[in-house]
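Peer 1: Okay, structure incoming, though there's no sequence with it:
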């Protein structure tokens, strides 16, 4: 890509001493990357969002402003340096102009026009409709419906950016890195297949895959999530590390996909079918499964046996859990309640109900701490919308009446302790071999295997030994 082509994005930047010197310094840095397609798209998007952010600030829209901040952070991460702030100078046609330029140069760029994605029957339209109707009948919203739309996803990203320790706590980031290093060191095979259950945007999986690749492994990846947009985002994130032919996105609902072990085997066979067997080289790669940030929003007695069924004898599982800090479990859960009961979380959770036709004035969202209904000696934060007047919701031919005094549970999030994690995993046939806990005691990463007849009391994987529970 020639420098003048990227410069055309900035045709209406004023020719004055403030803008032009900054533009002259920044353009060559981007042009030097040689990736014209990504540079034009990311730059156009970045500057367009800067302009929208300026509009939101002037209109006093803090939630939209937070969501745009997350978008800026994402695009800026993929650029060699963030563009100067031209939000007040760039015309409103910037994004359109960027797309026109993409079309002009797209034919000369080595980028696939399609992505192969496996869609499990649990996310076929009829299954999604069934789950939505069940959520309304039971007054218990399936968590997957909080990630359905672009607007919901943007609000969740803003919330995650503001409240998640993995985004705001350098110690938490270091804990994950230590877990990644131990998991990568464990893999002795030349080839490894990473299965990211609940992959999200793929950032954590990408860091782990890079470690594996840099240690000389041939890597392949299956990003698995309930959202098609999420698996495609994860796929895009890891393509700097994993060859496109080694990436197999899978959309499925972990809670209802009863045949997931067989499905993952079929997905893996898609890669093996292209290989010519070589003497002394195993056909099947080693498998490493990740399960980050997922356990809080599942009933443990439902998801843990399902998770254990996926882990084969030689597989490793890298697992994270949200924890209650301190020696007093109940006090620890009360301490983290503000991470949920805040304007960003309320706005995100209410989006589902508002999209159905419920109005803000129909009631109020209340957060409580409750015991696990299954009696697992756990506590969870739960949010329910309590109606103060009648509301009728129609889904195609189905109608649902919500009367004054009724409530709908829209969300829950479990909290654990390291001891409770080990206990519940053990009941499902999984043994924790090493664990890393943040200094805040609010998050932990656990490296697990299927239970063996003989268990060691200490880990040789570079992590902490597994001590007696603090609870």
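Peer 2: Looks like it arrived, so ask away. On a predicted model such as this, the values are computed, not experimentally measured, just so you know.
Peer 1: ok, the closest residue to residue 334 other than its chain neighbours - how many residues close by?
Peer 2: The shortest distance from residue 334 to any non-neighbouring residue, by C-beta to C-beta, 6 or more residues apart in numbering, is to residue 369 (6.5 Å). Quick note: C-beta positions are derived from backbone N, CA and C, even for glycine. Neighbour count of residue 369, defined by other C-beta atoms under 10 Å: 15.
Peer 1: Any idea what residue 369 is bridged to?
Peer 2: residue 381 (DSSP bridges).
Peer 1: check contacts around it.
Peer 2: 330, 333-334, 337, 379-382 (C-beta atoms under 8 Å, 6 or more residues apart in numbering).
Peer 1: Of those, select the buried ones using a ChimeraX command.
Peer 2: A single ChimeraX command suffices to select whichever of the contacts of residue 369 are buried according to 16 or more other C-beta atoms under 10 Å:
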select :333,379,380,381,382
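Peer 1: now the contacts of residue 369 as CSV including pLDDT and distance to residue 127?
Peer 2: CSV is the format used below for the contacts of residue 369 (pLDDT from 0 to 100; distance: C-beta to C-beta, whole Å):
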residue, pLDDT, distance to residue 127
330, 96, 38
333, 97, 34
334, 96, 38
337, 94, 34
379, 97, 31
380, 97, 26
381, 97, 28
382, 97, 25
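Peer 1: I'd like the contacts of residue 369 laid out as CSV, including distance to residue 165.
Peer 2: As requested, the contacts of residue 369 are exported to CSV (distance: C-beta to C-beta, whole Å):
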residue, distance to residue 165
330, 21
333, 16
334, 17
337, 15
379, 19
380, 18
381, 15
382, 21
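Peer 1: between the contacts of residue 369, which is closest to residue 363?
Peer 2: residue 382 (15.6 Å; C-beta to C-beta).
Peer 1: What does the closest residue to the closest one other than its chain neighbours show for phi and psi?
Peer 2: Leaving out its chain neighbours, the residue that sits closest to residue 382 by C-beta to C-beta, 6+ apart is residue 412, at 4.4 Å. Main-chain torsions, residue 412, degrees, to the nearest 10: phi -150, psi 160.
Peer 1: Does residue 412 touch residue 383 like I think?
Peer 2: Yes: contact criterion C-beta atoms under 8 Å: residue 412 and residue 383 qualify, at 7.4 Å.
Peer 1: residues touching the residue nearest to residue 382, list them.
Peer 2: 297, 380-383.
Peer 1: Can you give me the distance of it to residue 130?
Peer 2: The gap separating residue 412 from residue 130 is 21 Å, by C-beta to C-beta, to the nearest Å.
Peer 1: what's the nearest residue to residue 364 if we skip its chain neighbours?
Peer 2: residue 386 (5.8 Å).
Peer 1: any idea of the pLDDT on the one you found?
Peer 2: Here the pLDDT value assigned to residue 386 is 98.
Peer 1: Quick check: closest non-adjacent residue to residue 411.
Peer 2: residue 383 (4.3 Å).
Peer 1: Could I get the pLDDT score of residue 206?
Peer 2: According to the model, residue 206 scores 95 on pLDDT.
Peer 1: swap in residue 90?
Peer 2: For residue 90, the model assigns a pLDDT of 45.
Peer 1: same thing with residue 169?
Peer 2: pLDDT, residue 169: 83.
Peer 1: residue contacts, it?
Peer 2: Residue 169 neighbours (C-beta under 8 Å, 6+ apart): 438, 440.
Peer 1: can you list the weak-confidence ranges in this structure?
Peer 2: For the chain, the stretches flagged by pLDDT under 70 are 1-113, 150, 268-283, 453-471.
Peer 1: Do I have it right that residue 200 meets residue 225?
Peer 2: Yes: the pair residue 200 / residue 225 is scored as a contact, 6.7 Å apart, by C-beta under 8 Å.
Peer 1: residues shared between the contacts of those two?
Peer 2: Common neighbours of residue 200 and residue 225 (C-beta under 8 Å, 6+ apart) are residue 234.
Peer 1: Neighbour count for those two, which is higher?
Peer 2: Taking other C-beta under 10 Å, residue 200 and residue 225 do not tie; residue 225 has more neighbours (28 against 23).
Peer 1: Contact partners for the more buried one?
Peer 2: 198-200, 231, 234, 251.
Peer 1: swap in residue 249?
Peer 2: Residue 249 sits next to 115-118, 222-224, 231-232, 234-235 when contact means C-beta under 8 Å, 6+ apart.
Peer 1: What subset of those residues is buried?
Peer 2: Buried residues within the contacts of residue 249, counting neighbours by 16+ other C-beta under 10 Å: 118, 222-224, 231-232, 234-235.
Peer 1: and of these, the nearest to residue 246?
Peer 2: residue 222 (9.7 Å).
Peer 1: bridging residues for that closest one?
Peer 2: residue 195.
Peer 1: show me what contacts it?
Peer 2: By C-beta under 8 Å, 6+ apart, the neighbours of residue 222 are 193-196, 247-250, 264, 267-268.
Peer 1: Could you give me the buried positions within the strand or helix carrying residue 134?
Peer 2: Assigned by DSSP states H and E, residue 134 belongs to helix 125-138. Buried residues in helix 125-138, counted by 16+ other C-beta under 10 Å: 127-128, 131-132, 135-136.
Peer 1: Show me what it is packed up against.
Peer 2: The elements that helix 125-138 packs onto, with contact taken as 3 or more C-beta pairs under 8 Å, 6 or more residues apart in numbering; DSSP states H and E, are strand 391-395, strand 398-402.
Peer 1: which residues are in contact with the first one?
Peer 2: Strand 391-395 is touched from outside by 129, 132-133, 136, 356-359, 362, 399-402, with contacts defined as C-beta under 8 Å, 6+ apart.
Peer 1: separation between the nearest residue to residue 152 once chain neighbours are set aside and residue 433?
Peer 2: Distance criterion C-beta to C-beta, 6+ apart; nearest residue to residue 152, sequence neighbours excluded, is residue 351 at 5.1 Å. According to C-beta to C-beta, residue 351 stands 40 Å off from residue 433.
Peer 1: more neighbours, the two?
Peer 2: For residue 351 and residue 433, the more surrounded residue by other C-beta under 10 Å is residue 433, and the numbers stand at 23 against 19.
Peer 1: Secondary structure of the more buried one: a strand, I assume?
Peer 2: Yes: according to DSSP: H, G, I helix; E, B strand; the rest coil, the state of residue 433 is that of a strand.
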